[in-house]
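Q: coords below, sequence missing:
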């Protein structure tokens, strides 16, 4: 069993507290991926599902700002959960976080949790005290106070009741860069099948040659390649320059449109 946290609360203090609590409550090893946006979370969620393969695991995702549009929620975006093969995914549902799960057709629906009702179910199940309910309901750090407790409960083989949300109600993934790696390679939300379906890259990328493997790209050549990110045979296309940073050369950042 491996547990991965994908979270925008990524400073050293937040990382340490989250990983310590999840490891303490579950008894399993925990890894952490810090992200800056729901798009980065979306791609990393797919990559961890892919990494776990057929093994049992859990992924806890939270990208939940409290400002701007997020003010419509009482205390940040709701959480939902689903199971894919042997993997439990517990995640915030707003924005594009689940857009690539939708694109790759991994699930049909998500169970949406009402936090107070979910806590009541856990209290009834004897795994949570009544005294702690108010703290967890009102907390400003749900990744620390709520997600680890819910994950522990769900990993025990139990379920929590909630409304069903169709994956069709999740926004479609935009044609953008969702991650820039340390080499400056730009991971996009494009699949090879998108190109075959007639969807073309934005003009400054549309004439770049395509190579299936990075090793086949000549030095100093900008190109499109089938990257390592994705799931199964469906891998996201990357914009790269062999031996250089495509992000620097093209002035590309996460979230930039590619079509």
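A: On my side now, so go ahead. All values reported here derive from a predicted model rather than from experimental measurement.

Q: dump the residue contacts of the residue nearest to residue 179 when sequence neighbours are not counted.
A: Nearest residue to residue 179 in three dimensions, chain neighbours excluded: residue 187, at 4.3 Å (Cβ to Cβ, 6 or more residues apart in numbering). Heads up, the C-betas are built off the backbone N, CA and C, glycines and all. Contact analysis of residue 187 by Cβ atoms under 8 Å, 6 or more residues apart in numbering lists 43, 177-181, 227, 229, 236, 238.

Q: Can you list which of those are found in helices?
A: Counting by DSSP state H, the contacts of residue 187 place residue 43 in helices.

Q: circling back to that earlier point, tell me the bridge partners for the residue nearest to residue 179.
A: residue 179, residue 238 (DSSP bridges).

Q: ok, it to residue 247 distance?
A: For residue 187, the distance to residue 247 (Cβ to Cβ, to the nearest Å) stands at 10 Å.

Q: Please identify every residue contacting each of the two.
A: Joint contacts of residue 187 and residue 247 (Cβ under 8 Å, 6+ apart) are residue 180.

Q: Give me the nearest residue to residue 121, chain neighbours excluded.
A: residue 160 (5.6 Å).

Q: isn't the one you found right up against residue 154?
A: Yes: the pair residue 160 / residue 154 is scored as a contact, 6.7 Å apart, by Cβ atoms under 8 Å.

Q: Mind listing the shared neighbours of the two?
A: Common contact partners of residue 160 and residue 154 (Cβ under 8 Å, 6+ apart): residue 81.

Q: Residue 231: neighbour count?
A: Here the count is done by other Cβ atoms under 10 Å, and residue 231 has 18 residues near it.

Q: what separates the residue lying closest to it once chain neighbours are set aside from residue 44, distance-wise?
A: Among residues not flanking residue 231 along the chain, residue 50 sits closest, at 4.3 Å (Cβ to Cβ, 6+ apart). Distance from residue 50 to residue 44, counting by Cβ to Cβ: 10 Å.

Q: Next one, pLDDT for the residue nearest to residue 179 please.
A: The confidence metric pLDDT takes the value 97 at residue 187.
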